[in-house]
Structure formats: C-alpha cells, structure tokens
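1. kindly generate the corresponding structure for this input.
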Amino acid sequence: MADWLSSEIIEKIQWNERLFSLRIRSEFKNFIAGQFVRVALDIQGERVARPYSLVNEPGDEFLEIYFNIVPEGPLSPALAALDVGDGIFVTDRANGFLTIDEVPGCRHLWLLATGTGVGPFLSTLKGDKVWQRFEKIVLGYSVRDVSELSYREQIAEIENRHGEQFCFVPFVTREKLDGAMEQRIPVCIENGSFEERAGIDINTEDSHVMMCGNSAMITSVTECLEARGLRKHRRREPGHITTEKYH
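-> Residues are numbered from 1 along each chain as shown. You can find the predicted model right below:
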C-alpha cells in the first residue's frame with residue numbers, strides 16, 4: 001500500500017476557465033517520466049483521490065499535474081479552487097507504463113495526445129534518454145480551441161533544443177490557428193496529412209505510437225493503425241501501440 005505524503009501547493013497556473021496546472025512541494029522521491037501519481041484532498045470527511053500524470057521532469061524539486069475541471073467530479077473542482085500555500089496529499093510512489101522503457105527498439109516515436117493527455121509526454125521530452133533512443137520524435141497535440149493549447153513555451157524550448165529530430169504538430173479542431181491541423185488526429189492519419197507534415201510514415205518497421213487522452217481518439221487511431229498491420233504492445237508480445245486513456 002502506498003502512503004500519503006502531506007504536501008503543499010507552490011504555484012498555480014490557470015490556462016483557461018477549465019484547465020489548470022498545480023506545482024506541488026512534496027517529500028515524494030522519484031518516478032519515471034510518463035508515470036502518474038494519486039493526489040487527494042479531504043472533502044466532507046472523506047479522502048478523495050484520483051490519478052494524475054506528472055508533467056515535470058524526474059529530479060525536479062516539485063511535482064506538477066495538469067488537469068481539467070469535471071463539473072460533477074468529486075475532486076477536480078476542489079483542486080481548481082486551491083491556491084499557493086494550501087495543502088494536498090500525494091502518494092509516495094508513482095505507477096504506470098506509458099514510459100519509453102516499455103517501448104521496443106525502433107527509429108521513430110509518435111506521441112499522440114488530446115487535452116491534458118500531453119502531460120506525461122512533456123515529462124518524457126524534457127529528459128535526455130528519449131533523444132538518445134530515437135532518430136525522430138513526433139508530438140501530435142489535439143485540442144478544441146487555442147486556449148486549450150497549453151505549455152506552448154515549453155514545447156517551443158524543446159523544438160529549439162532538438163531541431164529536426166523533433167516535430168511538433170498541433171491540432172485545433174474548433175478554431176483557426178496558423179500552422180495547426182484543423183481536423184482530428186484520426187482523420188489526419190487516414191488522409192495522410194499528418195505523416196506528410198511530419199515527413200515520415202507510421203509503419204510496422206520503424207514506428208512506435210504512444211497515445212494518451214480521450215478514449216475516442218485512442219480507439220479510432222488504434223483501428224486505423226491495426227489496419228496497417230500495427231498491433232498493441234505487450235511485454236510478452238512486443239508491438240507498436242502503447243496507450244493510456246483519460247476519461
């Protein structure tokens with residue numbers, strides 16, 4: 001059983017009326033980029049907990065979570081109401097397999113995210129290991145409107161640092177943004193525009209696809225890729241597709 005660590009909010013970022021990031025000071029030790037922790041608050045005498053992926057790089061002096069308000073949710077509205085100095089509970093260990101340690105050897109890594117699902121990929125991209133393993137990394141980040149396209153400065157820093165080894169493709173489906181794809185990720189894979197933009201193909205020889213976000217995107221993309229011969233990755237049966245769903 002994991003233990004709860006009494007922790008403290010040290011920074012709060014509000015991206016729009018429903019999207020927030022919290023930086024947390026905690027005695028939490030370490031994790032692998034791509035993993036999640038459980039965070040909790042005591043609400044009406046009950047400790048309410050939910051898993052959240054970590055956005056920060058392992059070794060940072062803080063933990064960072066990125067989340068949206070679920071209006072009827074038991075925890076997210078209370079998290080959004082927190083401010084600097086407020087207390088929060090964090091488990092003392094991380095979990096999850098959305099890590100590059102789980103990815104078989106290949107040349108090209110595709111990271112596909114909707115909304116807050118970009119968080120674990122940002123954690124991965126901030127480290128050195130991923131850049132040593134793959135020839136090219138593509139981040140596809142899909143949101144509804146421009147206000148949801150968070151962490152653009154951090155992504156720009158990654159672009160500047162890694163040049164042609166990195167390709168960032170934003171998808172904004174309900175609003176115009178220069179340089180962004182206007183249709184959803186599955187549509188842009190099926191019509192070839194995503195791969196044309198990235199300059200490489202998704203195929204069984206060179207590619208591994210990691211996805212994090214809403215289940216509709218993950219299901220649609222998985223079906224499209226399975227039609228090309230790609231298969232879900234399992235430790236006992238290495239494949240090409242690794243997923244983590246946010247509901």
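2. touching the helix or strand bottoming out on mean pLDDT in the chain from outside, list them.
-> Ranked by mean pLDDT, DSSP states H and E, the weakest helix or strand in the chain is strand 241-245, scoring a mean of 88. Residues outside strand 241-245 that contact it (Cβ atoms under 8 Å, 6 or more residues apart in numbering) are 53, 96-98, 102-103, 117, 120, 208-215, 218, 222, 225-226, 230-233. In this view, the C-beta of every residue, glycine as well, is placed from N, C-alpha and C.
3. which strand is the longest one in this protein?
-> In the chain, assigned by DSSP state E, the strand with the most residues is strand 4-14.
4. who's in contact with the closest residue to His233 other than its chain neighbours?
-> By the measure of Cβ to Cβ, 6 or more residues apart in numbering, the closest residue to His233 outside its immediate chain neighbours is Gly239, 3.8 Å from it. Taking Cβ under 8 Å, 6+ apart, we find Gly239 in contact with 104, 230-233.
5. per-domain residue ranges of this structure.
-> Here the domain parsing of the chain from automatic domain parsing is 4-91, 100-245.
6. output the helix or strand harbouring Pro77 as PDB, restricted to C-alpha atoms.
-> Element membership of Pro77, judged by DSSP states H and E, is helix 76-80. The C-alpha trace of helix 76-80 is given here as PDB (Å, rounded to 0.1, in the frame of the first residue of the first chain):
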ATOM      1  CA  SER A  76     -11.200  18.400  -9.800                       C
ATOM      2  CA  PRO A  77     -13.400  21.400  -8.800                       C
ATOM      3  CA  ALA A  78     -11.800  21.300  -5.400                       C
ATOM      4  CA  LEU A  79      -8.300  21.100  -6.900                       C
ATOM      5  CA  ALA A  80      -9.000  24.100  -9.100                       C
END
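7. immediately after that helix, which helix or strand?
-> Downstream of helix 76-80, the first helix or strand assigned by DSSP H and E is strand 87-91.
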